[in-house]
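Chemist: sequence and predicted structure are below.
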Amino acid sequence: MSLDQLAATISGSLVLPGSADFDGARLYHGRAGDPAAVAHVGGVDDVVAAVGAAREERLPVAIRGGGHSNWESLPGALVIDLRALREVVVDQDAAPTADGARLVHVGGGATWGEVAEELARHGLAISSGDTRSVGVGGLTLGAGIGWVVRCWGLALDQLVGAQLVTAGGDVLELSETSYPELFWGVRGGGGNLGVVTRFDFLAHPLTGVVHAAITLDGADLPALIRAFRDVMRAAPRELNGSLMRTPPMGPELPSRTVIELAWAGPDEAAARAAFAPLLGLPQVTASEVAPVAYPDLLQEPPMPPPGMTMPTIVDENGWFESLDDHVIDALVAGAAEAGAPMLLVRWLGGAFGDVAPEATAIGFRRAEAFVMSAAFVPPDGTAEDVARVKAALAPFVEHSVGAYGNFTNSVAPGLPERMYTQPTLARLRALKLEWDRDNLFSRNHNVVPVVG
Ligand SMILES: Cc1cc2nc3c(=O)[nH]c(=O)nc-3n(C[C@H](O)[C@H](O)[C@H](O)COP(=O)(O)OP(=O)(O)OC[C@H]3O[C@@H](n4cnc5c(N)ncnc54)[C@H](O)[C@@H]3O)c2cc1C
């Protein structure tokens with residue numbers, strides 16, 4: 001099917017360069033791409049038609065769920081925009097599990113804000129990301145470290161089924177018993193294996209959360225990270241938390257160091273007891289503790305104005321099985337050398353580590369922490385500036401067991417080799433050879449279809 005035929009066929013719309021809507025269609029979260037066309041699909045049949053047109057016109061496909069990645073801004077792709085597929089339905093025909101979890105169907109283009117709002121009406125939640133506009137698609141298929149990761153695992157650990165449109169145009173129902181190898185692969189393989197038009201999750205009962213924001217004097221950052229680590233290592237799995245240092249962003253936004261905690265449950269006394277060791281740190285300068293509804297945990301950072309020339313984000317990250325003192329020292333020293341970048345330490349363990357490494361395509365289940373460091377090189381910076389900052393940030397990742405693809409938009413060759421263990425990558429490549437030999441779905445952290 002040609003693009004002209006696609007335009008005439010789909011219930012949604014196809015936006016082509018030169019049309020009045022094109023500038024709006026190619027702009028997402030402040031980034032303008034240069035696609036061959038944008039297909040706003042209205043349903044599964046439209047997705048099948050769009051995939052068929054991409055195949056015939058030999059165009060790479062860029063899948064847009066929540067639209068927070070960079071790949072669709074690379075030129076020349078057919079963007080398949082799934083935003084119309086955003087229904088969230090609690091399945092009334094499926095019985096709750098023994099612990100009260102319910103089956104929920106979520107459209108492939110929904111965002112986590114939409115999911116959290118709808119599930120809260122039923123007293124349910126899925127551990128997802130921390131941002132309302134982030135897509136269920138990108139976050140889940142790449143892993144999904146959420147606020148309650150220590151209780152319920154990654155977002156993909158809560159997935160029990162999916163509807164997938166393959167490169168060949170087949171519409172498959174995936175689960176542990178139906179196309180189990182593909183189901184294994186989509187749980188961590190990103191958008192490499194096709195377009196997920198529907199996610200089936202088990203959502204957990206959750207009537208409330210207790211949240212703490214603790215602001216700290218970050219002058220001795222290594223000591224602070226060590227203290228956070230030591231408390232979290234001994235914490236019950238209901239306690240989830242991250243430590244973040246943000247760089248100064250102008251005179252009114254100085255550098256800040258904040259520990260955010262979420263207690264999975266409404267019991268404020270239990271939460272305060274778990275928070276106490278961190279609230280009592282000598283570096284604390286301010287703190288707020290409050291019960292919140294789960295959707296209110298999700299935030300929305302301000303987006304840059306359309307057309308603004310953005311700095312280059314240089315980032316490094318890793319999964320760490322043991323966040324030892326020398327790793328912390330390398331992290332903080334590299335950050336200082338790179339010029340006050342952003343640091344994030346997100347604590348894992350608990351349910352994240354209950355999952356066998358080979359059960360999904362995210363294998364680093366012995367990691368106790370995920371850590372990232374990022375710096376901004378101004379728009380007038382040179383390639384040498386970027387290389388210098390990257391070299392300064394990099395040393396701490398030598399101690400990691402792998403990288404988390406969702407937290408970088410880098411398209412550097414060799415990244416998939418760090419994102420996956422060698423056996424996982426071999427399995428994903430075999431799936432790619434079987435289901436997407438021509439690499440139609442290449443605008444992602446690409447698993448190239450080769451043997452081995
Ligand atoms: C502000 C912000 C906060 C974040 N917070 C977190 C966090 O707390 N935890 C965390 O783990 N990550 C977090 N992330 C990272 C996030 O998981 C990734 O950026 C993710 O790729 C975003 O997904 P998206 O659907 O919004 O983006 P998109 O650009 O739409 O999708 C990214 C890629 O995912 C694939 N994809 C998306 N939807 C589908 C689908 N339905 N079928 C097949 N493939 C699909 C495609 O390959 C696509 O290129 C955050 C990112 C941002 C920008």
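Modeler: Received, thanks.

Chemist: ok, residues contacting the helix or strand hosting Asp46?
Modeler: Per DSSP states H and E: Asp46 is located in helix 44-57. Helix 44-57 has contacts (C-beta atoms under 8 Å, 6 or more residues apart in numbering) with 1-3, 5-6, 9-12, 36, 39, 41, 59-61, 78, 80, 82, 163, 165-167, 169, 171, 194-195, 197, 438, 440. Every C-beta, even on glycine, is put in place using the N, C-alpha and C of the backbone.

Chemist: now narrow those to whatever sits close to the ligand.
Modeler: Residues of these in contact with the ligand (C-beta under 6 Å from any ligand atom): 82, 195.

Chemist: keep only those of the contacts of helix 44-57 that are in strands.
Modeler: Here DSSP state E is the test, and the contacts of helix 44-57 give 39, 61, 78, 80, 163, 165, 171, 195, 197 as lying in strands.

Chemist: can you tell me the closest non-neighbouring residue to whichever residue of the stretch 201-350 of the chain sits closest to the ligand?
Modeler: Nearest residue of the stretch 201-350 of the chain to the ligand: Pro301, at 5.3 Å (C-beta to the nearest ligand atom). Distances taken as C-beta to C-beta, 6 or more residues apart in numbering put Thr131 closest to Pro301, at 6.8 Å, once the chain neighbours are dropped.

Chemist: which bits of the stretch 201-350 of the chain sit near the ligand?
Modeler: If contacts are counted using C-beta under 6 Å from any ligand atom, the residues of the stretch 201-350 of the chain sitting beside the ligand are Pro301.

Chemist: need the strands for the stretch 201-350 of the chain, in chain order.
Modeler: 209-216, 239-246, 256-264, 284-292, 312-320, 342-347 (DSSP state E, counting those that start in this stretch).

Chemist: adding mean neighbour count and mean pLDDT, write the ones you listed out as a markdown table.
Modeler: What follows is those, written out as a markdown table (neighbours: other C-beta atoms under 10 Å; pLDDT from 0 to 100):
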| stretch | mean neighbour count | mean pLDDT |
| --- | --- | --- |
| strand 209-216 | 21 | 98 |
| strand 239-246 | 22 | 97 |
| strand 256-264 | 23 | 97 |
| strand 284-292 | 13 | 97 |
| strand 312-320 | 22 | 94 |
| strand 342-347 | 22 | 97 |
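
Chemist: for Val450, find the nearest of these.
Modeler: Put simply, out of the strands of the stretch 201-350 of the chain the one that sits nearest Val450 is strand 312-320, at 24.8 Å, with distance taken as C-beta to C-beta.

Chemist: counting contacts, what elements does the closest one pack onto?
Modeler: Judged by 3 or more C-beta pairs under 8 Å, 6 or more residues apart in numbering; DSSP states H and E, the packing partners of strand 312-320 are helix 325-338, strand 369-377, helix 383-393.

Chemist: most tightly packed of these?
Modeler: With neighbours defined as mean count of other C-beta atoms under 10 Å, the helices and strands packed on strand 312-320 peak in mean count at strand 369-377, which reaches a mean of 23.

Chemist: what does that strand rub up against?
Modeler: Residues lying outside strand 369-377 but in contact with it, judged by C-beta under 8 Å, 6+ apart, are 145, 229, 232, 247, 311-320, 323, 327, 331, 334-335, 338-348, 385-386, 389, 393, 396, 400, 404, 407.

Chemist: and stretch 436-451, C-alpha only, in CSV?
Modeler: Listed in CSV are the C-alpha atoms of stretch 436-451, where the atom choice follows Å, rounded to 0.1, in the frame of the first residue of the first chain:
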residue,chain,number,x,y,z
ASP,A,436,11.4,-8.2,11.5
ARG,A,437,14.2,-9.4,9.3
ASP,A,438,14.2,-6.2,7.2
ASN,A,439,14.4,-4.1,10.4
LEU,A,440,11.3,-2.0,9.7
PHE,A,441,11.2,-1.1,13.4
SER,A,442,14.6,0.5,13.6
ARG,A,443,13.9,3.9,15.1
ASN,A,444,14.6,2.7,18.7
HIS,A,445,17.5,1.3,20.6
ASN,A,446,17.9,-1.0,17.7
VAL,A,447,18.5,-4.7,18.0
VAL,A,448,19.9,-5.4,14.6
PRO,A,449,18.6,-8.7,13.1
VAL,A,450,21.9,-10.7,12.8
VAL,A,451,22.8,-14.1,14.1
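
Chemist: from the chain's centroid, how far away is that stretch?
Modeler: Distance of stretch 436-451 from the chain centroid (C-alpha atoms, centre = their mean, to the nearest Å) equals 20 Å.

Chemist: could you pull out the buried residues of that stretch?
Modeler: Within stretch 436-451, the residues that qualify as buried by neighbour count (16 or more other C-beta atoms under 10 Å) are 436, 439-447, 449.

Chemist: going by distance to the ligand, which of those residues wins?
Modeler: When the buried residues of stretch 436-451 are compared against the ligand (criterion: C-beta to the nearest ligand atom), the nearest one is Asn444, at 3.6 Å.

Chemist: torsion angles phi and psi at that closest one?
Modeler: phi -170, psi -170 (degrees, to the nearest 10).

Chemist: retrieve the pLDDT associated with it.
Modeler: Per-residue pLDDT puts Asn444 at 95.

Chemist: what sits against it?
Modeler: Listed by C-beta under 8 Å, 6+ apart, the contact partners of Asn444 are 63, 69, 71, 190-192.

Chemist: between the residues you listed, which is nearest the ligand?
Modeler: Within these, the smallest distance to the ligand is 2.3 Å, found for Gly191 (C-beta to the nearest ligand atom).

Chemist: just the buried residues out of the ones in strands among the contacts of helix 44-57, in ChimeraX syntax.
Modeler: Burial among these is assessed by 16+ other C-beta under 10 Å; the matching ChimeraX selection reads:
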select :39,61,78,80,163,165,195,197
